[in-house]
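>>> after the sequence you'll find the predicted model.
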Amino acid sequence: MNNKGQPKMANTWDYTIVGAGAVGCVIGAQLARLGKTVQLINGTRATADAVQAHGLRLRFGDQVHSVQVRACTPQE
């Protein structure tokens with residue numbers, strides 16, 4: 001249990017990024033490409049759901065990289 005009486009999260013993350021806008025998503029995607037586990041905290045439920053369902057895609061010139069990260073809202 002944590003200090004609020006809630007169960008501790010079973011999952012652990014190498015990085016948690018608060019603010020999953022353009023910059024947060026690019027940084028999170030790059031970390032995921034390096035093999036790190038990443039959790040993105042987004043203020044918008046629809047955006048968190050879309051990232052959770054479809055992951056992130058980065059385009060570098062002709063190359064496209066897709067990565068899966070966990071996305072949620074601050075309430076989760």
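Arrived safely.

>>> CA atoms for contacts and neighbours, from now on please.
Fine.

>>> longest helix in this protein, by residue count?
For the chain, the helix that runs over the most residues, judged by DSSP state H, is helix 22-33.

>>> what's in contact with that helix?
Helix 22-33 has contacts (CA atoms under 8 Å, 6 or more residues apart in numbering) with Ile17, Val18, Thr37, Val38, Gln39, Leu40, Leu56, Arg57, Leu58, Val67, Gln68, Val69.

>>> so for Thr44, what's the pLDDT?
What the model reports for Thr44 is a pLDDT of 89.

>>> does it touch Pro74 like I think?
No: in this structure, Thr44 is not within contact of Pro74 by CA atoms under 8 Å, at 9.3 Å.

>>> Asp49 and Gly35: what is the separation?
Between Asp49 and Gly35 the computed distance is 22 Å (CA to CA, to the nearest Å).

>>> which residues touch Pro74?
Contact analysis of Pro74 by CA under 8 Å, 6+ apart lists Ile41, Asn42, Gly43.

>>> same deal with Ala20?
Going by CA under 8 Å, 6+ apart, Ala20 touches Leu40, Ile41, Asn42.

>>> am I right that the first one falls within a helix?
No: secondary structure of Leu40, determined by DSSP: H, G, I helix; E, B strand; the rest coil: strand, with no helix assignment.
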